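> What follows is a protein structure lacking sequence information:
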């Protein structure tokens, strides 16, 4: 695994964090590293980055940062893509379902601009 991702994942420690350095901007960096890993065909570290992002986005949403819900939905979809590439189809299906559920809830709340993300 790469040092940047190792550092971030170590900070996350597999649990929800409220650390100030795990801001949405910091999570964007982590998300982007997942995208880079994915495009390089490195699906395991990409999945780890997306999974960590999902945990942290959910923690921030639970703290009242509802504006991050579209980011969570997108990250869940990318996690599903990584899991599918690794052959873990049941886990991929769960990630896709989580993403779909989140997107549908947002659309039902008036966020029609997110509808193309479901296509």
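Yep, it's here. Fair warning: this is a prediction, and the values are worked out from it, not measured in the lab.

> need the next SSE after the helix-or-strand element of the chain with minimal mean pLDDT, C-terminal direction.
Lowest by mean pLDDT, DSSP states H and E among the helices and strands of the chain is helix 3-12, with a mean of 51. Moving toward the C-terminus from helix 3-12, the next helix or strand (DSSP states H and E) is helix 24-39.

> residues contacting the residue nearest the centre of the chain?
By Cα atoms, centre = their mean, the chain has its centre lying nearest to residue 75, at 2.8 Å. If a contact means Cβ atoms under 8 Å, 6 or more residues apart in numbering, then residue 75 has 31, 34, 50, 53-54, 57 as its contacts. (Each C-beta comes from the backbone N, C-alpha and C, glycine too.)

> taking those as a set, which two sit the farthest apart in space?
Spatial extent of these (Cβ to Cβ) is set by the pair 34 and 57 at 12.4 Å.

> State the distance from residue 80 to residue 23.
Residue 80 sits 25 Å away from residue 23, going by Cβ to Cβ, to the nearest Å.

> Actually, residue 94.
27 Å.

> Then residue 90?
33 Å.

> Check the burial of residue 61 by counting its neighbours.
16 (other Cβ atoms under 10 Å).

> Same question for residue 45.
Using other Cβ under 10 Å: residue 45 sits among 21 other residues.

> Please tell me I have it right and it contacts residue 37.
Yes - Residue 45 lies in contact with residue 37 (Cβ atoms under 8 Å); the separation is 4.6 Å.

> Which one of residue 90 and residue 23 is surrounded by more residues?
residue 23 (12 against 8).

> how near is that one to residue 44?
26 Å.

> Next: residue 56.
For residue 56, the distance to residue 44 - Cβ to Cβ - is 19 Å.

> which of those two has more neighbours?
Just comparing residue 56 and residue 44: by other Cβ under 10 Å the higher neighbour count belongs to residue 56, 27 against 12.

> Report pLDDT for the more buried one.
Looking at residue 56, its pLDDT stands at 94.

> name the element residue 95 belongs to?
Counting by DSSP H and E, residue 95 is found in helix 89-108.
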